[in-house]
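>>> What follows is a predicted structure for the sequence shown.
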Amino acid sequence: MRRTTTKKGLLAAACTLPLALAVGCNDVGTEDQPPEQPDQPGVNDTNGNGIGDDLGDTWDDTQQEVEDFFATGGDTRCGDFIEQDEADQFDTVASYLEEEQDRTFESTDPEVEETTMRLLEVCGDPAEADTEIRDADTGGM
């Protein structure tokens, strides 16, 4: 009589070999006992621990670092502001004014243009390179 090999049998055999790490032994059950079900949805390691959550945390951390690197609005340092092209400078000032005055500004608004010109003057001083534009002394902005 020929015995047929089942998928569960192959997985059970694989779990006794070093190959077990690649297969994931928690997926193997017996006829009497079903496979373990992970507590958390998503990708799980061989112990049933959710590693998908770790990836989400890593993404959040990376996103925050990028946002910090490309600071916008009032968080923009004078040195970075000076290096921006004209369109980005107007957009940065519009974002900054929106933060400060809680209303919408277009980069073509006269107040944005005036504030940009004052910031270019103040931020042109190398001593102000690390100053955030919200803290730059522009005389009444």
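Now that the structure is in, tell me what you want to look at. Numbers count the residues shown, from 1 in each chain.
>>> drop to CA atoms for contacts and neighbour counts, all remaining ones
Fine.
>>> The nearest residue to F105 once chain neighbours are set aside: what's it in contact with?
In space, and not counting its chain neighbours, F105 is closest to A94: 5.4 Å by CA to CA, 6 or more residues apart in numbering. Contact analysis of A94 by CA atoms under 8 Å, 6 or more residues apart in numbering lists G73, T104, F105, E106, S107, V112.
>>> could you redo the last one with a cut-off of 10 Å?
With contact taken as CA atoms under 10 Å, 6 or more residues apart in numbering, A94 is in contact with 72-74, 88, 100, 103-109, 111-113, 115-116.
>>> for I133, same thing?
Contacts of I133 by CA under 10 Å, 6+ apart are 72-81, 92-93, 96, 119-120, 122-123.
>>> mind redoing it with 8 Å?
Per CA under 8 Å, 6+ apart, neighbours of I133: G73, G74, D75, T76, R77, C78, F81, L119, C123.
>>> which residues sit in contact with the first one?
When contacts are counted by CA under 8 Å, 6+ apart, G73 touches T92, V93, A94, S95, Y96, L97, E99, I133.
>>> did I read that right, S107 in a strand?
No - in this structure, S107 is coil, not part of a strand, as judged by DSSP: H, G, I helix; E, B strand; the rest coil.
>>> I'd say it and E113 touch.
Yes - taking contacts as CA atoms under 8 Å, S107 lies within contact range of E113: 7.4 Å.
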